[in-house]
Each structure stands twice: as structure tokens, then as C-alpha cells.
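Student: what would the 3D arrangement of this be:
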Amino acid sequence: MSFIQKILGILRGRNFRLYVSFVVVASLFWVIEQLRRDYTTAINVPLELHSAPENYIVTPESLNGQSLRALVSSDGYTLLQHFWASRNSRHIKVDVSRLPRVQTSEGVFAVIAPSQFYSEISSNIDDHIELRGLMQDTLFIPLLRARKKYLPVMPCVDYSLEQQHILSDDIRVSPSHVWVNGTNNIVDTMSAVYTRKTDHFVLHDTLTLSLDCDLPKGVETNVHSVDVTFCVESFTEKTIEVPITALNVPDGYIFRAFPPTARVTFSVGMSQFEKVGENDIDIVADLSSVDIYKNNQQKVKLHIASAPENLINVTYSPIFVEFLLEK
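Tutor: Numbering: from 1, shown residues only. The predicted structure is shown next:
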């Protein structure tokens, strides 16, 4: 019989299983006995800062990992329950605007004297836990100079339009601007407030989204979300005849184009279909690059000088037209 087979035989044997059971039970009794004893230990008391003094700002990062440390005593069961529940324990709120302040070469600090929170800490722990004392004398919370700035809100939206649909208006953001409050070194670099990025989606109708603002650490605003509206409608194709006008025509001459109009084709939203006419589009022939003193009939290239922004896929013909200059 091999060595491995011998080991497997021992592990499968009845005596080994009895031995393991005895060890487990003995260990369990030992743990229970240890938990019945009284212990003295230190616990962290989490803080929550709010209400910074005027012209200053505080953030959760202002604590820089600092917390109150309390010395407590109780039996092992109670302490174990406290440590398990402490992850969701109530924070002690600190009104920073009411704290005394000191100024040093490193800046301005709010001063927390732990003794002033003794009664609140005592009421925040289990009745069966005795508060023996506090382990720190003073906590110093850095106060950062605040800066206010009025910034536009820019939506970060990943979208596309369903076929035969367009945006009938600019994307609307409400509110379009917000006040931000933060430290100088951060706020001074901000040119806009951006929303959190969205997943890609396809638009086929008007839609309004409520999007959260994505602010850098150390920057606050009283507007945490904005409404972003996409005005979407289906579009259709339209063709109109637009008169051709000329630029840089010599004094004393009359420009005549052959043909006198250009056929302009474009796509437009259904709500604007009847509103777009020949007076809304300018098709021009610029004679500045043409030798106007030639006697024979010449050609000039056309281009669109202006057109409504809500038109898409704009094309026109002809591209070149013949013209005459008559005195």
C-alpha cells in the first residue's frame, strides 16, 4: 500500500472524524469562554463635517482620515456586536462654523476638542459598553478658501438618432448655468459643469433626462441634477427654386445667369417644412475671380452663402452657371 493510500485511509477512518469533531467542539467552547470575559479597547468614532464658515469650504476629505478615538470596556460579545454594527453607525455631526479657528504658517484650521463631544459619544454607543475616556486632545481640520463661480452646464450624452429623425431644436439644459463653490485651485480651472456620462441610446421622439452633475472633489453646488431635453422629430425632403444673386458685379453692369435659379434640395423637420422658402437660402455667384472683360459668355461657380441651421443634407444644382454682364 502506498503512502498516499495510507493517508487517505486515516482521513476516512472513524477515529479521525471523531478527533476532528472533538477539536471543533473544544475550539467552540474556548471561543465562547473568551467572549464572556471583559475587555478594554479603542474604537473609532466617525465624524461628519458640515456648515463651513463663510468664505471657507470643508469636504469629507478635510478630515484626512482623522476621527475621534474612544477607550471603552465591555464583554467580548458586546464589543464584537459593536464592531460589526459600527460600519453603519451614526456619525457625529460637527458644525464647523461654530468651532474655534487658528491660523498657522500652513493655513487656517478649525479646532475640535474631543471633550466637547463626550456626552454625544456616550449616547452613541451601546448601553452595555462603558466609555472610559477619549484618547486625543485636539483635532485640527484644514479650512480651504472658497471661490464661487457661475458656470454653464454641459451634458455628456452618448446618443444617436433613428433613421429619418433629426433634432428640431438645440439640446436644452435646465438650469443652463449653476453656481459652484469650491477651492480656488480647482474652481479657477473649471470652464463648465459636466453631467455624468450616459450609456448609448437611440432617439426617435422628444425625450427629457434628469442627469446628475459630475463635480470634482472639493467642489459643491446646490443643483445636483439638471434636466436635458432632446427635441426630436421625423424629417422629409423638400426641393425649392432659389434665385441666383451675384457678388462683386462691376458698376454699371447687370448680371444675368442662365438659368436664373438653382434647384436646392434638403431635409427638414416636419414642423419646419412649410416655413422654409426661397427667401431663407442665398445662392450666390462671386465674380471676383472671373475676367469680366471677356466678350464671350462665361461660367461661374455657385455656392450657398447662407441657409437655416435646421436644414440637413443640403445640395444644389447646377454647380456652375453661364452668365452675361449687360450695361
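Student: any low-confidence regions in the protein?
Tutor: Residues of the chain meeting the criterion pLDDT under 70: 1-16, 19-20, 82, 85-90, 292-297.
Student: if you set the cut-off to 50 instead, what comes out?
Tutor: Judged against pLDDT under 50, the chain has no low-scoring part.
Student: what's residue 128 sitting at in phi/psi?
Tutor: With angles defined as degrees, to the nearest 10, residue 128 sits at phi -90, psi 0.
Student: next, count neighbours for the closest residue to residue 301 other than its chain neighbours.
Tutor: For residue 301, ignoring the flanking residues on the chain, the nearest one in space by CB to CB, 6 or more residues apart in numbering is residue 320 at 5.4 Å. Quick note: C-beta positions are derived from backbone N, CA and C, even for glycine. Look at residue 320: counted by other CB atoms under 10 Å, it has 12 neighbours.
Student: ok, residue 319 next?
Tutor: With other CB under 10 Å as criterion, residue 319 counts 11.
Student: ok, the residue lying closest to residue 46 once chain neighbours are set aside to residue 222 distance?
Tutor: Spatially, and ignoring its direct neighbours in sequence, residue 46 is nearest to residue 91 (4.6 Å; CB to CB, 6+ apart). For residue 91, the distance to residue 222 equals 22 Å [CB to CB, to the nearest Å].
Student: neighbour count: the two, which is higher?
Tutor: Legend: neighbour count by other CB under 10 Å for residue 91 and residue 222, higher for residue 91 (12 against 8).
Student: run through the helices of the stretch 1-150 of the chain in chain order.
Tutor: Using DSSP state H, counting those that start in this stretch, the helices of the stretch 1-150 of the chain run over residues 3-12, 14-35, 76-85, 118-124.
Student: could I have the third one exported to PDB, CA atoms only?
Tutor: Right, the one you point to is helix 76-85. The C-alpha trace of helix 76-85 is given here as PDB (Å, rounded to 0.1, in the frame of the first residue of the first chain):
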ATOM      1  CA  GLY A  76     -16.400  40.300  24.200                       C
ATOM      2  CA  TYR A  77     -19.900  39.500  22.900                       C
ATOM      3  CA  THR A  78     -21.000  43.200  23.200                       C
ATOM      4  CA  LEU A  79     -17.800  44.600  21.700                       C
ATOM      5  CA  LEU A  80     -17.900  42.200  18.800                       C
ATOM      6  CA  GLN A  81     -21.500  43.200  18.100                       C
ATOM      7  CA  HIS A  82     -20.500  46.900  18.300                       C
ATOM      8  CA  PHE A  83     -17.600  46.400  15.800                       C
ATOM      9  CA  TRP A  84     -19.900  44.600  13.500                       C
ATOM     10  CA  ALA A  85     -22.600  47.300  13.600                       C
END
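Student: other SSEs contacting that helix?
Tutor: In terms of contacts (3 or more CB pairs under 8 Å, 6 or more residues apart in numbering; DSSP states H and E), helix 76-85 is packed against helix 14-35, strand 38-45, strand 68-75.
Student: switch these over to CSV; also include mean neighbour count and distance to residue 241.
Tutor: Compiled in CSV, the helices and strands packed on helix 76-85 are given as follows (neighbours: other CB atoms under 10 Å; distance: least, CB to CB, whole Å):
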stretch, mean neighbour count, distance to residue 241
helix 14-35, 10, 94
strand 38-45, 14, 80
strand 68-75, 18, 81
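Student: among these, which is nearest residue 216?
Tutor: For the helices and strands packed on helix 76-85, proximity to residue 216 was assessed by CB to CB; strand 38-45 is nearest, at 27.7 Å.
Student: now do the closest one against helix 76-85, angle only.
Tutor: Counting by axes from the mean of the first three to the mean of the last three CA atoms, to 10 degrees, strand 38-45 lies at 10 degrees to helix 76-85.
Student: listing partners with orientation, what would you give for strand 38-45?
Tutor: Applying DSSP bridges, strand 38-45 is found paired with strand 68-75 (antiparallel).
Student: residues contacting the strand it pairs with, please?
Tutor: Contacts to strand 68-75, defined as CB atoms under 8 Å, 6 or more residues apart in numbering, come from residues 35-45, 47, 79, 82, 92, 114, 117, 121, 125-126, 128-136, 139.
Student: distance between it and the chain's centre?
Tutor: The chain centroid and the centroid of strand 68-75 are separated by 41 Å, computed with CA atoms, centre = their mean, to the nearest Å.
Student: quick one: closest of the helices and strands packed on helix 76-85 to residue 283.
Tutor: Nearest to residue 283, of all these, is strand 38-45, at 75.4 Å by CB to CB.
Student: list every C-alpha atom in that closest one, with coordinates, as PDB.
Tutor: In PDB, the C-alpha atoms belonging to strand 38-45 read as follows (Å, rounded to 0.1, in the frame of the first residue of the first chain):
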ATOM      1  CA  ASP A  38     -14.300  41.800  29.900                       C
ATOM      2  CA  TYR A  39     -12.000  43.700  27.500                       C
ATOM      3  CA  THR A  40     -10.800  47.300  27.200                       C
ATOM      4  CA  THR A  41     -10.200  48.600  23.700                       C
ATOM      5  CA  ALA A  42     -10.100  51.600  21.500                       C
ATOM      6  CA  ILE A  43     -12.800  52.400  18.900                       C
ATOM      7  CA  ASN A  44     -13.100  54.900  16.200                       C
ATOM      8  CA  VAL A  45     -15.900  57.500  16.400                       C
END
